[in-house]
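Undergrad: sequence unknown, structure follows:
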């Protein structure tokens, strides 16, 4: 059984609240994207604690370990993102989290009764969850273009979307990420880290086979097309 101590949860709550106000001194840190572009692994020294957490981009959860400076057993944290507000600079994105904490499981089977709410409605900035110098995010820059120019126009939405490609909110990412292009057997719609072989990017620039997208409308502004290129080069994450 997991034995949660009041003191460990009090410390975790203080850390999260201080973090939301960016009041804690941040020392050495590092982050890395997983090979499938589905998650960020984050290690940060925050105050006297080492945070080793995992930002799952698919289910929008943040989980991991909080290691104490005194060498005592680590605490465990699990948070769900309840809302997101993108900003022009992803470092200023605002995420609101409900977070739960637990002490270590002494022996299997581990029970979920050890998890206790730490704090609800905790605001965390993009600078904490996203890799440094992130320029473009899927939710802030890419999905809104699909919604405004592709799915809302009726071409890439509904039960019979053009080319079988549904770009409606909530389904667009899975429809393009490492999915073979129907017009080009050699390329994927989006190949992370490589815009030159990503069929979707070529359709936006007019360099790929077939009509330039969006069909029957003016080409997207150069700045918007550049956002797609930048997003792909940054790993095409569901961020």
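TA: Noted; the coordinates are in hand. This one's a predicted model, so the numbers in the text were calculated from it and none came from an experiment.
Undergrad: can I see the domain layout of the protein?
TA: For the chain, the domain assignment from automatic domain parsing gives the residue ranges 6-129, 138-233.
Undergrad: State the mean pLDDT of the shortest one.
TA: If I follow you right, that is domain 138-233. The average pLDDT within domain 138-233 is 86.
Undergrad: Could I get the full set of strands for this protein?
TA: When assigned using DSSP state E, the strands of the chain occupy the ranges 26-33, 39-46, 49-56, 61-67, 75-85, 94-102, 116-125.
Undergrad: Deepest in the core, which of those is it.
TA: Taking mean count of other Cβ atoms under 10 Å as the contact definition, the stretch among the strands of the chain with the greatest mean neighbour count is strand 94-102, which reaches a mean of 20. C-beta: built from backbone N, CA, C; applies to glycine.
Undergrad: That one pairs with which strands, parallel or anti?
TA: Strands flanking strand 94-102 in the sheet, each with its direction: strand 75-85 (antiparallel), strand 116-125 (antiparallel) (DSSP bridges).
Undergrad: what's the closest of these to residue 39?
TA: Distances from residue 39 to each of the strands paired with strand 94-102 were compared using Cβ to Cβ; the minimum, 13.2 Å, belongs to strand 75-85.
Undergrad: neighbouring contacts of the closest one?
TA: Counting by Cβ atoms under 8 Å, 6 or more residues apart in numbering, strand 75-85 makes contact with 8-9, 11-12, 53, 60-66, 68, 93-104, 115, 118, 121-122, 139, all of which sit outside it.
Undergrad: what mean pLDDT does that strand have?
TA: Rounded to a whole number, the mean pLDDT of strand 75-85 is 95.
Undergrad: Tell me where the protein has helices.
TA: Under the criterion DSSP state H, the chain carries helices at the ranges 6-20, 126-129, 143-145, 172-176, 199-205, 222-233.
Undergrad: Buried residues, the third one. List them.
TA: If you call a residue buried by 16 or more other Cβ atoms under 10 Å, then helix 143-145 has these buried ones: 143, 145.
Undergrad: ok, and what's touching that helix?
TA: Taking contacts as Cβ under 8 Å, 6+ apart, the residues outside helix 143-145 that touch it are 169, 172-173, 220, 224, 227-228.
Undergrad: one more time with 6 Å
TA: Here helix 143-145 makes contact (Cβ atoms under 6 Å, 6 or more residues apart in numbering) with no residue beyond itself.
Undergrad: could I get the strands paired with strand 94-102 as JSON lines with distance to residue 33?
TA: Formatted as JSON lines, the entries for the strands paired with strand 94-102 read as follows, by distance: least, Cβ to Cβ, whole Å:
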{"stretch": "strand 75-85", "distance to residue 33": "18"}
{"stretch": "strand 116-125", "distance to residue 33": "18"}
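Undergrad: And the ones you listed: which comes nearest residue 216?
TA: Across these, the minimum distance to residue 216, taken as Cβ to Cβ, is reached by strand 75-85, at 32.2 Å.
Undergrad: Centre of the chain to that closest one, how far?
TA: Between the mean C-alpha point of strand 75-85 and the mean C-alpha point of its chain there is a distance of 12 Å (Cα atoms, centre = their mean, to the nearest Å).
Undergrad: quick thing: my sequence starts at 50, can you match it?
TA: With the count now opening at 50, the last piece we talked about shows up as strand 124-134.
Undergrad: now the angle between strand 110-116 and that strand, please.
TA: Following axes from the mean of the first three to the mean of the last three Cα atoms, to 10 degrees, one obtains 140 degrees for the angle between strand 124-134 and strand 110-116.
Undergrad: Would you mind giving the orientation angle of strand 124-134 with respect to strand 98-105?
TA: Strand 124-134 and strand 98-105 are oriented at 50 degrees to each other (the same axes, to 10 degrees).
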